[in-house]
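In: Predicted model, plus sequence, below.
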Amino acid sequence: MSFLVETILSGLMAGVMYSLVALGFVLIFKASGIFNFAQGVMCLFAALTFAGIIEKTSLPWPIAFMLTVGVMVAVAWAVERFVLRHLVNQEPIILFMATIGLAYVLEGIGDIVWGSDVKVLDIGLPSGASDFMLDQFNIYIEKLEVFAALIAAVLVGFLAIFFQKTRIGRALRAVADDHQAALSVGISLQTIWVIVWSVAGFVALVAGTLWGTKSGVQFSLSLIALKALPVLILGGFTSIPGAIVGGLIIGVGEKLAEIYVGPMVGGAIENWFAYMLALAFLLVRPQGLFGERIIERV
Amino acid sequence: MSETSASTILSVNNIEVIYNHVILVLKGVSLTVPEGGIVALLGANGAGKTTTLKAVSNLLGAERGDVTKGSIVFKGEEVQSLSPNDLVKRGCIQVMEGRHCFGHLSIEENLLTGAFTRRDGAAAIREDLEKVYAYFPRLRERRSSQAGYTSGGEQQMCAIGRALMSKPNMILLDEPSMGLAPQLVEEIFEIVKELNQKEGVSFLLAEQNTNVALRYATYGYILESGRIVLDGDAKALRENEDVKEFYLGVGGEGRKSFRNVKHYKRRKRWLA
């Protein structure tokens, strides 16, 4: 029994980590209808910059963190100034292609500035097993994962309020619905895009920091974006709660599948289970669990 | 109109608009809107009505269009180089053809986005929201419905209400009658007239429905292939034989053959 609980818990925690990455995608997709292929690389870039600043300058980590936030805002500004501004009103596929290019540019800049060796990111986040859970329930849980779950909860709460209740949040959703109409009522797309890419950059920094602490800051970090894709399909591209629930389902699902279904088919199910689940979802519910219904007037 | 009203809120002077650097759409259009007036811009599909409005509101940039000649003056200031949000701040807002409500936002949220550029505080915005609901009681009933699920008429009201929330002096209204039942068209135009009289909002109105537009407007311009071919008081236009024949569909003496069409003498106003 405790083994099952342990499996589910570790699945949930892994799921939270996926969700954090997926959140960044949702933000940009919601506000601009762009599927940002570069989101994974943004996680890598943010974590690299964070680790790099600490390494080179030995500043205390809160200051380095703030500096990195500044860098991500600068990235957002540059993306708007040099890419998005010139592509207003183009087909979504063109914007998507632009973000693929952006992914390579960011990756290259990260490599040139901070080098390509694996960096250790240790800012004193809790790590190791939680003794309390081990003693009381004989269950093994990583402290870092519990911490990640808390961070995710705070972030989601903050974002939900931001999107639903604030003037800027409303404008973000308006832009997502109709660029032209948003322009016509006096919403400046340029400002909105800088804001949303900054917020996504911040989320990327948080996700990158947690992943980087867990497994070192290295190139493979940018590939977690691929894990975020099934999470998005499950939860819906436009829903913040969807990103969280989707992440949890994928996390738990793949762990359970590995342990209980894996032996029947020769194992290694964990790597592709998420994609199978996503495929099945695309067939029955393409907008995802919480995605906005596609409104079509006839 | 020009002899009675002293001040002009908008004047468009001989503008030329080119899309994608090659397609010449407007070939020298001039018009003026007096303060507190309703001016109709009429013409068939593709005549350049929407382009003219978008040139004023500066939404052309997003469609790769460019004003290459002439000037646009709003409240005494040249505005060609301003961004759409600067123009909204100065009191000139466009209601686009086809409504363009934000489908996933509720009606009330749609209306609130109209107040995006305002800095005069939540209380003032709240007050204006109530005012919009007073003009469009139907919107109050549907305030929490997603705009995408409301009817065409409600969406048109929502789009006009949303523009009102920016406290405009002038609304550029593009084809408000599109896709609406005749009765609803009348309703919308009645509200336009009311807004004009009570709130002092000036309107530049692009319409294909010449009949309705000329009944509510004070002055009209007729656009054809990017040029203004005729203008005058709405009343005079309604009685003009050419307008009757080509836009109102009532000929002077029975049916006419298309052979006579080419003898239609246009006033070459753009040369003047």
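Out: Received, thanks.
In: Stretch B:46-53 near chain A at all?
Out: No: counting by CB under 8 Å from any CB of the partner chain, chain A is not contacted by stretch B:46-53; separation bottoms out at 10.2 Å. (C-beta placed from N, C-alpha, C; glycine too.)
In: Quick check on the residue in the stretch 51-200 of chain A that chain B sits nearest to: phi, psi?
Out: Nearest residue of the stretch 51-200 of chain A to chain B (CB to the nearest CB) works out as A:G186 at 3.0 Å. Backbone torsions of A:G186, given as degrees, to the nearest 10, read phi 90, psi 20.
In: Could you find the closest non-adjacent residue to it?
Out: Of all residues beyond its chain neighbours, the one nearest A:G186 is B:V88 (3.0 Å), with distances taken as CB to CB, 6 or more residues apart in numbering or on different chains.
In: Could you do A:G262 as well?
Out: Per CB to CB, 6+ apart, closest to A:G262 is A:I269, 4.5 Å.
In: I figured the one you found hits A:L256, correct?
Out: No: A:I269 is beyond contact range of A:L256, at 9.8 Å (criterion: CB atoms under 8 Å).
In: B:K27 sits in which helix or strand?
Out: Using DSSP states H and E, B:K27 sits in strand B:23-34.
In: After that strand, which helix or strand is next?
Out: strand B:38-42.
In: tell me the SS of B:G153?
Out: In three-state terms, and counting by DSSP: H, G, I helix; E, B strand; the rest coil, B:G153 is helix.
In: Spatially nearest residue to it, not counting backbone neighbours?
Out: B:L184 (4.3 Å).
In: where along the stretch 151-298 of chain A do the strands fall?
Out: Under the criterion DSSP state E, counting those that start in this stretch, the stretch 151-298 of chain A carries no strands.
In: for chain B, what are the nearby residues on it?
Out: Residues of the stretch 151-298 of chain A lying near chain B by CB under 8 Å from any CB: A:167, A:170-171, A:173-174, A:176-188, A:292, A:295, A:297.
In: just the buried members of those residues?
Out: A:170-171, A:173-174, A:176-188, A:292 (16 or more other CB atoms under 10 Å in any protein chain shown).
In: Quick check: the gap between the closest residue to chain A within the stretch 51-200 of chain B and B:A62.
Out: Nearest residue of the stretch 51-200 of chain B to chain A: B:V88, at 3.0 Å (CB to the nearest CB). B:V88 sits at a distance of 14 Å from B:A62 (criterion: CB to CB, to the nearest Å).
In: Which residue of the two possesses the greater neighbour count?
Out: Using other CB atoms under 10 Å in any protein chain shown as the criterion, B:V88 and B:A62 rank with B:V88 on top: 28 against 16.
In: what helix or strand does that one sit in?
Out: Going by DSSP H and E, B:V88 is part of helix B:84-90.
In: now for that helix, which elements pack on it?
Out: In terms of contacts (3 or more CB pairs under 8 Å, 6 or more residues apart in numbering or on different chains; DSSP states H and E), helix B:84-90 is packed against helix A:179-184.
In: what sits up against the helix it packs on?
Out: With contacts defined as CB atoms under 8 Å, 6 or more residues apart in numbering or on different chains, helix A:179-184 is touched by A:33, A:88-89, A:171, A:174-175, A:189, A:192, B:57, B:59, B:62, B:84-85, B:93-96, B:100-102, B:113.
In: Buried only: go through those residues for me.
Out: Using 16+ other CB under 10 Å, the buried members of the contacts of helix A:179-184 are A:33, A:88, A:171, A:174-175, A:189, A:192, B:57, B:59, B:62, B:84-85, B:93-96, B:100-102, B:113.
In: And what about A:L59, helix, strand or coil?
Out: coil.
In: Can you pull the residues of the stretch 101-250 of chain B lying near chain A?
Out: So the stretch 101-250 of chain B meets chain A at B:101-105, B:109-110, B:112-114, B:116-117, B:146, B:148-149, B:162-163, B:166 (CB under 8 Å from any CB).
In: mind redoing it with 6 Å?
Out: B:F102, B:G103, B:H104, B:L105, B:E109, B:T113, B:G114, B:F116, B:T117, B:G148 (CB under 6 Å from any CB of the partner chain).
In: what's around the fifth one, how many residues?
Out: It stands for B:E109. 19.
In: mind checking which helix or strand it is in?
Out: With DSSP H and E as the test, B:E109 turns up in helix B:107-113.
In: Next up, the contacts around B:L42.
Out: B:T210, B:G220, B:I222 (CB atoms under 6 Å, 6 or more residues apart in numbering or on different chains).
In: Counting only strands, which of those make the cut?
Out: B:G220, B:I222 (DSSP state E).
In: Most neighbours of all the contacts of B:L42, which one?
Out: Counting by other CB under 10 Å, top hit in the contacts of B:L42: B:G220 with 29 neighbours.
In: Could you tell me how far it is located from B:V229?
Out: Counting by CB to CB - B:G220 and B:V229 are separated by 12 Å.
In: residue ranges with poor pLDDT in the stretch 1-150 of chain B?
Out: Residues of the stretch 1-150 of chain B meeting the criterion pLDDT under 70: B:1-6.
In: Show me where it has its helices.
Out: B:49-57, B:84-90, B:107-113, B:122-135, B:137-141 (DSSP state H, counting those that start in this stretch).
In: who wins for proximity to B:E190 among those?
Out: Nearest to B:E190, of all these, is helix B:122-135, at 10.3 Å by CB to CB.
In: So which bits of the closest one are buried?
Out: For helix B:122-135, burial by neighbour count (16+ other CB under 10 Å) applies to B:I125, B:D128, B:L129, B:V132, B:Y133, B:Y135.
In: got the contact list for that helix?
Out: B:L111, B:A115, B:L139, B:R140, B:G161, B:L164, B:M165, B:I191.
In: Distance from the chain centre to that helix, please.
Out: Helix B:122-135 has its C-alpha centroid displaced from the chain centroid by 23 Å (CA atoms, centre = their mean, to the nearest Å).
In: For it, output the C-alpha coordinates as CSV.
Out: Output in CSV follows, covering the C-alpha atoms of helix B:122-135 (Å, rounded to 0.1, in the frame of the first residue of the first chain):
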residue,chain,number,x,y,z
ALA,B,122,-12.7,52.9,-11.5
ALA,B,123,-15.6,55.0,-10.3
ALA,B,124,-15.8,57.0,-13.5
ILE,B,125,-15.6,53.9,-15.6
ARG,B,126,-18.3,52.2,-13.5
GLU,B,127,-20.5,55.2,-14.2
ASP,B,128,-20.0,55.0,-17.9
LEU,B,129,-20.7,51.3,-17.9
GLU,B,130,-24.1,52.1,-16.4
LYS,B,131,-24.6,54.7,-19.1
VAL,B,132,-23.9,52.2,-21.8
TYR,B,133,-26.3,49.8,-20.2
ALA,B,134,-28.9,52.5,-20.2
TYR,B,135,-28.5,53.0,-23.9
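In: so what's B:G91 up against?
Out: B:P168, B:N169.
In: Tell me the backbone dihedrals of it, please.
Out: phi 100, psi 20.
In: Relative to A:K30, how far out is it?
Out: In terms of CB to CB, B:G91 sits 31 Å off from A:K30.
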